[in-house]
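Chemist: Only the shape, not the letters, is given here:
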């Protein structure tokens, strides 16, 4: 059987992609995911590492950064 083709970051068999980015073709199933995506089009990086100041557009990216770069600090 063939599986649906998806764009990076988008899933077809999950929640409907109801929110369209005003800057590109990206669509998201929730306003929070759309807000995280929109940060990519701006210079805003609202999340920062408490240990080194590394900044990111998403909290999950900061959590991964801390796990990889500061494993003994948690």
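Modeler: That came through fine. Everything numeric in this text was worked out from a predicted model, so none of it was measured.
Chemist: Which parts of the protein belong to which domain?
Modeler: Here the chain is described, according to automatic domain parsing, as comprising the domains 1-42, 44-74.
Chemist: Adding mean neighbour count and mean pLDDT, write these out as a markdown table.
Modeler: Backbone N, C-alpha and C define where each C-beta goes, glycine included. What follows is those, written out as a markdown table (neighbours: other Cβ atoms under 10 Å; pLDDT from 0 to 100):
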| stretch | mean neighbour count | mean pLDDT |
| --- | --- | --- |
| domain 1-42 | 12 | 80 |
| domain 44-74 | 13 | 93 |
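Chemist: which residues sit against the helix ranked longest in the chain?
Modeler: Longest helix in the chain, counting residues (DSSP state H): helix 59-69. Helix 59-69 is contacted by residues 47-52, 54, 56, 73-74 when judged by Cβ atoms under 8 Å, 6 or more residues apart in numbering.
Chemist: one more time with 10 Å
Modeler: With contacts defined as Cβ atoms under 10 Å, 6 or more residues apart in numbering, helix 59-69 is touched by 36, 45-52, 54-56, 58, 73-74.
Chemist: which residue ranges form the helices in the chain?
Modeler: 31-38, 59-69.
Chemist: so what does the first one touch, helix or strand wise?
Modeler: Here helix 31-38 is seen to pack against strand 19-20, strand 27-28, helix 59-69 when contacts are counted using 3 or more Cβ pairs under 10 Å, 6 or more residues apart in numbering; DSSP states H and E.
Chemist: Recalculate using a threshold of 7 Å.
Modeler: Helices and strands touching helix 31-38, by 3 or more Cβ pairs under 7 Å, 6 or more residues apart in numbering; DSSP states H and E: there are none.
Chemist: Now do that helix: distance to the chain's middle.
Modeler: 7 Å (Cα atoms, centre = their mean, to the nearest Å).
Chemist: tell me the angle that helix makes with helix 59-69.
Modeler: Interaxial angle, helix 31-38 versus helix 59-69 (axes from the mean of the first three to the mean of the last three Cα atoms, to 10 degrees): 60 degrees.
Chemist: quick one: contacts of helix 31-38?
Modeler: 19, 21, 26, 28, 57-58 (Cβ atoms under 7 Å, 6 or more residues apart in numbering).
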